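Colleague: Here's my sequence, what's the structure:
(one chain, ligands or ions: 1)
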Amino acid sequence: MSFTVAIDGPAAAGKGTISRAVAAHFGMQHLDTGLLYRAVGARVDAGEDAVTAARTLTPNDLARSDLRTPAAAAAASRIATRPEVREALVEFQRSFARLPQGAVLDGRDICTVICPDAEVKLYVTASPEIRAERRYAELVEKGLDVTRQSVLEDVLARDARDMGRADAPLVAAPDATVLDTSSMSIAQAVAAAIDAVTRVKTPGA
Ligand code: C5P
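Modeller: All right, here's what the predicted structure looks like:
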C-alpha cells in the first residue's frame with residue numbers, strides 16, 4: 001500500500017534535506033520535484049519549447065550537473081508559471097507518489113495540487129534572510145561566485161513568482177503542519193518532520 005509524505009515550502013527552507021532524511025528513515029523513495037522544473041528550464045534556455053521539453057523529460061535530463069545553479073533556479077521558476085508545463089509533469093509525480101514502498105515528494109504544490117490526499121503534509125519555511133544565508137553558504141561551498149545581496153534578491157524574486165502565479169501558487173495547504181525552521185538546527189528540523197510522519201504511520205507510538 002502506498003504512503004505519501006508531501007512537503008512544500010519556499011526556496012532554501014530546508015525541504016530537500018528534510019525530505020531526504022525522512023525518506024531514508026522510513027525506507028521510502030524521494031522525488032525532488034524542483035528538479036523537473038529545473039530540467040525543463042535548462043532545455044528551454046538551450047532553445048527548446050517549454051511544453052515539448054516537459055512532455056519528453058528523461059532521466060538523463062534530471063541527472064544534468066548544471067541544475068543547481070542560480071541561473072537554473074531562475075529559469076525553472078519562469079517556466080513553472082505556465083499551466084501547460086505544470087500539467088505535463090503531473091502524472092509522473094502522481095505515479096511516483098504511489099510507489100508501493102512509500103514516497104516523499106517535495107516542491108511547491110505537492111500538498112495543494114499533486115497529492116491533496118497525502119497521508120502527511122508538511123509546509124517547511126524560514127525567514128527570507130535565513131533562507132538566503134543558507135543558500136549563500138551552499139553556493140559558496142560549491143565555488144560559485146555570488147554575493148549575499150544577489151542571493152537574497154534571487155530568493156525574494158523566486159518567492160514573489162512562486163507565491164504570486166495564478167496556477168498552483170505556493171501556499172501552505174490548510175491541513176499541512178507548518179515547520180518554521182528559522183531557529184532550528186538541521187537535526188531539530190529533521191526530527192520534527194520524522195515525528196510528524198511517525199504520528200500518522202504508527203499512531204500511539
Ligand atoms: O525546489 P527548487 O528550488 O529546486 O525549485 C525550482 C523552481 O521550480 C521553484 O522556484 C518553482 O518555481 C518551481 N517548482 C514548482 N513546483 C514544484 C517544484 C518546483 O513550481 N513542485
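Colleague: Quick check: which element contains Ala42?
Modeller: helix 34-45 (DSSP states H and E).
Colleague: Which positions in that helix come out as buried?
Modeller: Residues of helix 34-45 classed as buried: Gly34, Leu35, Leu36, Tyr37, Arg38, Ala39, Val40, Gly41, Ala42, Arg43, Val44 (neighbour count, 16 or more other C-beta atoms under 10 Å). Backbone N, C-alpha and C define where each C-beta goes, glycine included.
Colleague: Go back to the residues you listed and keep what's next to the ligand.
Modeller: Among those, the residues lying close to the ligand (C-beta under 6 Å from any ligand atom) are Gly34, Tyr37, Arg38.
Colleague: Val44 reaches Ala53, doesn't it?
Modeller: Yes - with contact defined as C-beta atoms under 8 Å, Val44 reaches Ala53; the gap is 6.0 Å.
Colleague: give me the number of residues near the nearest residue to Ser127 once chain neighbours are set aside?
Modeller: Using C-beta to C-beta, 6 or more residues apart in numbering and skipping the chain neighbours, the partner closest in space to Ser127 is Ser182 (5.0 Å). Burial measure for Ser182: 13 neighbouring residues, criterion other C-beta atoms under 10 Å.
Colleague: Quick one: residues contacting Ser182.
Modeller: With contacts defined as C-beta atoms under 8 Å, 6 or more residues apart in numbering, the neighbours of Ser182 are Thr125, Ala126, Ser127, Ile130.
Colleague: Many thanks, I have nothing further to ask.
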